[in-house]
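Participant: the amino acid sequence is not available; the structure is as follows:
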Ligand SMILES: C[S@@+](CC[C@H](N)C(=O)[O-])C[C@H]1O[C@@H](n2cnc3c(N)ncnc32)[C@H](O)[C@@H]1O
């Protein structure tokens, strides 16, 4: 575990294997649950969720994290996403499991209007991309430094959370975990890395290694990234 005062250095391979990503019903174009989904869900499973908690899953996709929050006992779970198809998928997945999740079309601004929350979780787009995201890549692409969604989210963390509330964010080391930790710490939050795993590049990153190398985001020949779950307590 790393405290906020220290840089988030490359860590050893996760001691605990990441469980497989949960099966979720998914309309075409909706983000397929994968390693980051499973890593964040595992971190939520470790969280002590207070009785009567109001929870937010920002960037919900299939609703995988919202469902984990509802299973863990959150009283209300708001599931926010820009994509209508994602929200239909999240609604169906929650219905199938008879769990109360409220899908809501929107973004961070929508979430801020509905807050504050006791628990906020997010698996936002964080993949560095040479071009701006388009509808088909909106699930993962996040601008040249991978921080198009992370920066506003970290800036808004204090306003999204009630005092004592907890935020969990999953992201890649390619999109500057230290910057996220610093932004959260600057708001007086206790910040730590609670989960991390090293994985080989998938098809998206494998297709942009020249860009990543020229941007200095990876060393020459590097074909892996670490996924990290940051926890911030207000
Ligand atoms: C990496 S996927 C995560 C999906 C799911 N939470 C998971 O863990 O598998 C990111 C999701 O964020 C949504 N999204 C992208 N930009 C967004 C934004 N600015 N506000 C809200 N949702 C956004 C995408 O539509 C996509 O469903």
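Facilitator: In hand now; what should we look at? Treat the numbers as computed from the prediction; the structure is a model and nothing was measured.
Participant: near the ligand, anything from stretch 190-207?
Facilitator: No - judged by Cβ under 6 Å from any ligand atom, stretch 190-207 stays clear of the ligand, getting no closer than 11.0 Å. C-beta coordinates here come from the backbone N, C-alpha and C atoms, glycine included.
Participant: ok, now which ones touch residue 114?
Facilitator: Each residue near residue 114 by Cβ atoms under 8 Å, 6 or more residues apart in numbering is listed here: 56, 78, 80, 104.
Participant: in this protein, where is pLDDT below threshold?
Facilitator: For the chain, the stretches with pLDDT under 70 are 1-18.
Participant: any chance you could map the helices in it?
Facilitator: 35-45, 64-71, 84-96, 108-114, 150-160, 177-185, 203-206, 209-214 (DSSP state H).
Participant: columns distance to residue 126 on top of these, output as TSV?
Facilitator: Formatted as TSV, the helices of the chain follow (distance: least, Cβ to Cβ, whole Å):
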stretch	distance to residue 126
helix 35-45	8
helix 64-71	15
helix 84-96	17
helix 108-114	14
helix 150-160	6
helix 177-185	9
helix 203-206	11
helix 209-214	13
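Participant: and the residue of the chain found nearest the ligand, how far is that from residue 122?
Facilitator: Residue nearest to the ligand within the chain (Cβ to the nearest ligand atom): residue 61, separated by 2.4 Å. Per Cβ to Cβ, to the nearest Å, residue 61 is found 11 Å from residue 122.
Participant: ditto for residue 169
Facilitator: 5 Å.
Participant: what does the protein have sitting close to the ligand?
Facilitator: Counting by Cβ under 6 Å from any ligand atom, the chain sits next to the ligand at 31, 33, 37, 40, 59-61, 64-65, 80-83, 86, 107, 123-125, 138-140, 149.
Participant: can you say which of those are buried?
Facilitator: 31, 33, 37, 40, 59-61, 64-65, 80-81, 83, 86, 123-125, 138-140, 149 (16 or more other Cβ atoms under 10 Å).
Participant: give me the subset of those lying in strands.
Facilitator: 80, 81 (DSSP state E).
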